[in-house]
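Novice: Please work out how this folds:
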Amino acid sequence: MKVLFVNRFYKPDESATSQILTDLATALARAGVEVHVVCSRQLYDRPRARLAPRALLDGVAVHRVWSTRFGRAGLPGRALDYLSFYVFTALTLLRWIEPGDVLVAKTDPPLMSLIAWPVARWRRAHLVNWLQDIFPEVATALGANPLPRPLDRLVCWLRDRSLRAAALNVVLGERMRQVVGARGVPEERVRIIENWAELQGPEPVGPLDTPLRAAWGLDGKFVVGYSGNLGRAHDYDTVLAAALRLRNEPDIVFLMIGGGAGMRALERRVRELALENFCFQPYQPRHSLAESLAVPDVHWVSLQPSLEGYIVPSKFYGILAVGRPIAFIGDPDGEIARQVSRADCGAAFAVDDADGLVARLLAWRARPEERERLGANARRAYLAQAGAARAVESWQKALTEVCRSDDAVARVPSNR
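Specialist: Model prediction:
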């Protein structure tokens with residue numbers, strides 16, 4: 001079996017989609033699968049990086065295609081980055097794909113299935129779409145869809161055909177499965193395989209046992225943490241309002257680790273409001289991620305309710321891995337809210353429920369034994385369902401079934 005993955009970023013890049021893909025590709029290669037990855041020569045936070053065009057990393061053949069390097073600063077430049085990546089990825093895939101291979105298309109850049117579908121069909125390969133998010137609906141929900149309505153409808157129609165044409169569509173949760181099913185994709189061609197966290201280093205430790213607390217000046221504090229990208233999809237106003245209410249509680253600190261448009265906007269607002277209960281730190285390298293995630297006493301995760309079913313925040317799984325209580329802010333019936341409830345590892349809050357969030361944070365501060373119980377539940381949930389080994393096993397089973405299917409090529413069902 002030969003498997004080719006497509007994603008804009010791969011090791012040594014440390015963005016979330018890159019880390020997850022690296023874990024899976026490396027595990028499959030170790031299991032004896034021939035694995036290729038087609039990606040860009042850039043890094044997520046360094047668009048002008050110039051990685052080598054070819055590499056063999058842990059048994060994975062990496063093909064880095066040329067693309068423009070404008071980065072995420074402006075929409076026209078980003079569009080050119082996407083377009084050039086599409087073109088050179090298609091050319092590379094046509095060179096390497098053979099009949100019977102499995103082509104797994106992720107969703108960075110968006111709508112990669114529109115490129116992978118005709119290539120897989122032409123080369124008589126099996127197409128698998130690995131949906132980390134669903135575009136253009138995400139852009140529309142965020143008010144950032146540049147497409148005129150007729151073009152948007154055409155893109156959605158073509159995207160739906162590429163999903164129905166696939167041998168399999170892997171989604172991240174039940175809400176996303178429902179969204180894909182509503183687009184006419186047969187139930188048997190949709191499978192839930194959740195993302196995971198594979199943290200490097202020793203077993204998780206308590207927040208008081210990590211040296212980073214002292215390095216960041218957090219000794220003696222009750223730390224409410226956030227780690228990763230804070231973008232337009234994530235609400236931070238609820239946490240900011242809670243921090244304003246708690247500004248006279250000097251032992252409570254909001255630790256923000258990472259970056260993104262929302263992180264920059266939040267940092268500006270904190271300066272404008274002269275809040276002293278925030279601590280901002282940059283992205284941490286993967287080898288120290290377990291330690292940085294262990295610093296907070298509790299973590300918060302958010303997602304705009306309009307994006308439920310289109311995105312599942314992958315940072316949730318790292319929090320489970322280090323065994324910390326979780327405050328989810330978004331749709332109380334959303335994917336993460338449901339998982340938090342099932343695992344009994346935290347609480348969910350509606351957007352703008354700053355009072356509820358403040359009350360719960362004060363209760364957690366006052367009851368360390370409750371934090372310990374919720375954290376232990378989070379860790380158990382990780383060991384039971386959110387570890388890389390379980391996900392890799394699910395992927396191996398799915399890819400094997402795809403290769404054994406009767407169809408040598410995924411075809412668009414008739415009357416669609």
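Novice: ok, the residue nearest the centre of the chain - contacts?
Specialist: Among the residues of the chain, the one closest to the centroid is Ser314, at 4.0 Å (Cα atoms, centre = their mean). Residues near Ser314 by Cβ atoms under 8 Å, 6 or more residues apart in numbering: Ala16, Thr17, Ile20, Gln132, Asn195, Ala197, Gly228. C-betas here are computed from N, CA, C, even on glycine.
Novice: next SSE after the one helix or strand the second one maps to?
Specialist: Right, Thr17. Secondary structure from DSSP states H and E places Thr17 in helix 16-30. Per DSSP H and E, the first helix or strand lying C-terminal to helix 16-30 is strand 34-40.
Novice: Once you drop chain neighbours, what's closest to Cys345?
Specialist: Nearest residue to Cys345 in three dimensions, chain neighbours excluded: Ala378, at 3.8 Å (Cβ to Cβ, 6 or more residues apart in numbering).
Novice: immediately after the biggest helix by length in the chain, which helix or strand?
Specialist: Secondary structure of the chain per DSSP state H: the longest helix is helix 75-96. Once helix 75-96 ends, the next helix or strand along the chain (criterion: DSSP H and E) is strand 102-105.
Novice: Pull out the buried positions in stretch 78-95.
Specialist: Residues of stretch 78-95 classed as buried by neighbour count (16 or more other Cβ atoms under 10 Å): Arg78, Asp81, Tyr82, Ser84, Phe85, Tyr86, Phe88, Thr89, Ala90, Thr92, Leu93.
Novice: ah, wrong one, I meant stretch 277-291
Specialist: Buried residues in stretch 277-291, defined by neighbour count with 16+ other Cβ under 10 Å: Asn277, Phe278, Cys279, Phe280, Gln281, Tyr283, Gln284, Arg286, Leu289, Ala290, Glu291.
Novice: And the third one, how far from Tyr317?
Specialist: It stands for Cys279. Separation of Cys279 from Tyr317 (Cβ to Cβ, to the nearest Å): 24 Å.
Novice: quick check: angle from the longest helix of the chain to strand 34-40?
Specialist: For helix 75-96 against strand 34-40, the angle by axes from the mean of the first three to the mean of the last three Cα atoms, to 10 degrees is 150 degrees.
Novice: returning to what we had before: surely the residue nearest to Cys345 is in a helix?
Specialist: Yes - counting by DSSP: H, G, I helix; E, B strand; the rest coil, Ala378 is part of a helix.
Novice: how far away is the residue of the chain most remote from its centre from Val358?
Specialist: Distance from the C-alpha centroid of the chain peaks at Asn248, with 34.8 Å (Cα atoms, centre = their mean). Distance from Asn248 to Val358, counting by Cβ to Cβ: 12 Å.
Novice: how about the strands in the stretch 301-416 of the chain?
Specialist: Assigned by DSSP state E, counting those that start in this stretch, the stretch 301-416 of the chain shows strands spanning 326-329, 346-349.
Novice: Minimum distance to Glu267: which of those strands has it?
Specialist: Among the strands of the stretch 301-416 of the chain, strand 326-329 comes nearest to Glu267, with 18.4 Å by Cβ to Cβ.
Novice: pLDDT of the closest one, averaged?
Specialist: Strand 326-329 shows a mean pLDDT of 98.
Novice: Could you please name the strands it pairs with and the direction of each pair?
Specialist: Each strand that pairs with strand 326-329, with its direction, by DSSP bridges: strand 298-302 (parallel), strand 346-349 (parallel).
Novice: Pipe the ones you listed into JSON lines and attach mean neighbour count, distance to Val340 and mean pLDDT per row.
Specialist: Converted to JSON lines, the strands paired with strand 326-329 look like this (neighbours: other Cβ atoms under 10 Å; distance: least, Cβ to Cβ, whole Å; pLDDT from 0 to 100):
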{"stretch": "strand 298-302", "mean neighbour count": "25", "distance to Val340": "9", "mean pLDDT": "98"}
{"stretch": "strand 346-349", "mean neighbour count": "25", "distance to Val340": "5", "mean pLDDT": "98"}
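Novice: Including distance to Pro99, could the ones you listed go into TSV?
Specialist: Putting these into TSV (distance: least, Cβ to Cβ, whole Å) gives the following:
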stretch	distance to Pro99
strand 298-302	43
strand 346-349	48
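Novice: can you pull the contacts of Leu293?
Specialist: For Leu293, the contact set (Cβ under 8 Å, 6+ apart) comprises Leu199, Gly225, Ser227, His299, Gly318, Ile319, Ala321, Val322, Arg324.
Novice: ok, 7 Å please
Specialist: By Cβ atoms under 7 Å, 6 or more residues apart in numbering, the contact set of Leu293 is Ser227, Gly318, Ile319, Val322.
Novice: Of these, which belong to helices?
Specialist: Gly318, Ile319, Val322.
Novice: Any chance of a ChimeraX selection covering the buried ones in the residues you listed?
Specialist: Those of the ones in helices among the contacts of Leu293 that count as buried under 16+ other Cβ under 10 Å are selected in ChimeraX with:
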select :318,319,322
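Novice: Among the ones in helices among the contacts of Leu293, which one sits closest to Leu303?
Specialist: So of these, ranked by how close each gets to Leu303 (Cβ to Cβ), first place is Ile319, at 13.9 Å.
Novice: which residues touch stretch 145-161?
Specialist: Applying Cβ under 7 Å, 6+ apart, the contact partners of stretch 145-161 are Leu75, Leu111, Ser113, Leu114, Pro136, Ala139, Arg183, Gly184, Val412, Arg416.
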